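Asks: here is a sequence with its predicted model. Questions after.
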2 protein chains.
Amino acid sequence: MYEGPVQDLIDELGRLPGIGPKSAQRIAFHLLTVEVADLTRLQAALQRVKDEVKFCTECGNVAEGDLCRICSDPRRDAGSICVVEEPKDVAAVERTREFRGRYHVLGGAISPIDGIGPDQLRIAPLLRRIAEPGVHEVILATDPNLEGEATATYLVRLLRTFPDLAVTRLASGLPVGGDLEYADEVTLGRAFSGRRAVDA
Amino acid sequence: MYEGPVQDLIDELGRLPGIGPKSAQRIAFHLLTVEVADLTRLQAALQRVKDEVKFCTECGNVAEGDLCRICSDPRRDAGSICVVEEPKDVAAVERTREFRGRYHVLGGAISPIDGIGPDQLRIAPLLRRIAEPGVHEVILATDPNLEGEATATYLVRLLRTFPDLAVTRLASGLPVGGDLEYADEVTLGRAFSGRRAVDA
């Protein structure tokens, strides 16, 4: 449809998550008409991510050095580990300001259909961390979907072998600000089965 | 929120049209975890657009050489010029396969609020093209919004000075596949005032 390099850029942009063909075209034409300096800044940002972003050797989160910001912070409780699927989930939990422990990023979830089994995830390093003295709590914060649940169930079974380790899973229930009428039946069912006593 | 280079990339992606903060974050984390080859391909596509894409000296459309694909095609009728705002509008009209003439890309529309007056648009080159012998038709295909209408009105006034030039504007009316009930009143009003006799 378009001249070579423009079409190539549209194709590359269309591979990004959440970018359909129309958006890819819109972004490409935007990039054609912006100042060269803007395009150069985007290129530089991509290059820096390629060159400088590493993954934390301890937890698997994104990091600039060997350890991520959280693992290198002595104020964070090393005895409590929150297990998540991806680095972006670390950011999501951090935004809640509810958790002062450390993280462990699995790098995905068990998904036989995508060929991802437990061996493709960072589970062995997790077990090594838990075996260290002082770790008393693991919070399983995988996604509340089929793959996330399967991963959590698998981990629960593994973690049973550690005595005195408190293993918890994030609560399922109605999203705050949501509408009961529009909740799907699984979510509403979970909200029921997980109902809590109300302090008078 | 994130380590330096990741946040920089999120910021840069967030500047693109139609990419909100959530999408920017999602794309950045996707780019963190893709193969290096994928990231390199995106970078190369950006670089090629920067290096190779020029604008047609005749019509202002994107081009790889001096002339775009359409202006260098002798089968396209040089006597009929379709005036559009942006290169992406050329692509939109081309997709209809209704037009076999050539284009003229203004590079925007008159918008006093954005500081864009007639002098910022490629109107002088349009007048030079129309003054050439053989040009018999100009189709104004600016956007059907305030700025596009203002631009078309401005051009109509200029083009009156050319005798024997047929100047038309794209029809306004109900979108095909749409629902009369949901049409806004301006569109429905235009559809009424532009109603056509039906061939029995």
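Replies: Thanks, I have it. Predicted model, so just to flag it, every value in this text is computed and none were measured.

Asks: now do the strands in chain A.
Replies: Under the criterion DSSP state E, chain A contains strands at A:54-55, A:62-63, A:77-84, A:101-105, A:137-140, A:166-169.

Asks: for those, which one sits closest to chain B?
Replies: Comparison of the strands of chain A against chain B by C-beta to the nearest C-beta identifies strand A:62-63 as nearest, at 5.7 Å. (Glycine included, C-beta is placed from N, CA and C.)

Asks: give me the sheet partners of that closest one and which way each runs.
Replies: Note on strand A:62-63: by DSSP bridges, its sheet partners are strand A:54-55 (antiparallel).

Asks: chain center to the partner strand, what's the gap?
Replies: Shown here is strand A:54-55, whose average C-alpha point lies 14 Å from the average C-alpha point of the whole chain (C-alpha atoms, centre = their mean, to the nearest Å).

Asks: list the contacts of it.
Replies: Outside strand A:54-55, the residues that touch it by C-beta atoms under 8 Å, 6 or more residues apart in numbering or on different chains are A:Asn61, A:Val62, A:Ala63, A:Glu64, A:Gly65, A:Asp66, A:Pro87, A:Val105.

Asks: what subset of the residues you listed is buried?
Replies: Of all the contacts of strand A:54-55 considered here, the ones buried according to neighbour count by 16 or more other C-beta atoms under 10 Å in any protein chain shown are A:Asn61, A:Val62, A:Ala63, A:Pro87, A:Val105.

Asks: kindly reformat the contacts of strand A:54-55 as JSON lines containing pLDDT and distance to B:Asp51.
Replies: Compiled in JSON lines, the contacts of strand A:54-55 are given as follows (pLDDT from 0 to 100; distance: C-beta to C-beta, whole Å):
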{"residue": "A:Asn61", "pLDDT": "93", "distance to B:Asp51": "36"}
{"residue": "A:Val62", "pLDDT": "89", "distance to B:Asp51": "31"}
{"residue": "A:Ala63", "pLDDT": "88", "distance to B:Asp51": "34"}
{"residue": "A:Glu64", "pLDDT": "84", "distance to B:Asp51": "31"}
{"residue": "A:Gly65", "pLDDT": "86", "distance to B:Asp51": "35"}
{"residue": "A:Asp66", "pLDDT": "92", "distance to B:Asp51": "37"}
{"residue": "A:Pro87", "pLDDT": "89", "distance to B:Asp51": "33"}
{"residue": "A:Val105", "pLDDT": "96", "distance to B:Asp51": "38"}
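
Asks: chain center to the helix or strand of chain A at the bottom of the mean pLDDT ranking, what's the gap?
Replies: The helix or strand of chain A with the lowest confidence, counting by mean pLDDT, DSSP states H and E, is helix A:185-193 at a mean of 80. In terms of C-alpha atoms, centre = their mean, the centre of helix A:185-193 is found 24 Å from the chain centre.

Asks: got the CA positions of that helix in PDB?
Replies: Output for helix A:185-193, consisting of C-alpha atoms alone and laid out as PDB, is shown next (Å, rounded to 0.1, in the frame of the first residue of the first chain):
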ATOM      1  CA  GLU A 185     -20.100 -15.300  37.800                       C
ATOM      2  CA  VAL A 186     -16.700 -16.700  38.600                       C
ATOM      3  CA  THR A 187     -15.600 -13.400  40.200                       C
ATOM      4  CA  LEU A 188     -18.900 -13.000  42.100                       C
ATOM      5  CA  GLY A 189     -18.600 -16.700  43.200                       C
ATOM      6  CA  ARG A 190     -15.100 -16.000  44.600                       C
ATOM      7  CA  ALA A 191     -16.300 -12.900  46.300                       C
ATOM      8  CA  PHE A 192     -19.000 -15.000  48.000                       C
ATOM      9  CA  SER A 193     -16.700 -17.800  49.100                       C
END
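
Asks: got the buried residues for that helix?
Replies: For helix A:185-193, burial by neighbour count (16+ other C-beta under 10 Å) applies to A:Thr187, A:Arg190, A:Ala191.

Asks: tabulate the contacts of strand A:54-55 (CSV), appending distance to A:Ile116.
Replies: Rendered in CSV, the data for those read as follows (distance: C-beta to C-beta, whole Å):
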residue, distance to A:Ile116
A:Asn61, 19
A:Val62, 20
A:Ala63, 23
A:Glu64, 27
A:Gly65, 28
A:Asp66, 26
A:Pro87, 17
A:Val105, 14
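
Asks: sorry, back to before: which pair in the buried ones among the contacts of strand A:54-55 spans the largest distance?
Replies: In terms of C-beta to C-beta, the buried ones among the contacts of strand A:54-55 reach their longest pairwise distance at A:Ala63 and A:Val105, which sit 10.5 Å apart.

Asks: overlap in contacts, these two.
Replies: Residues touching both A:Ala63 and A:Val105 comprise A:Phe55, A:Cys56, with contact defined as C-beta under 8 Å, 6+ apart.

Asks: what does stretch A:66-81 contact?
Replies: Residues external to stretch A:66-81 that are found in contact with it (C-beta under 8 Å, 6+ apart): A:54, A:56-59, A:61-63, A:65, A:90, A:94, A:99-104, A:126, A:129-130, A:134-139, B:3.

Asks: endpoint to endpoint, it covers what distance?
Replies: One end of stretch A:66-81 to the other measures 19 Å (C-alpha to C-alpha, to the nearest Å).

Asks: now do stretch A:126-141
Replies: One end of stretch A:126-141 sits 14 Å from the other (C-alpha to C-alpha).
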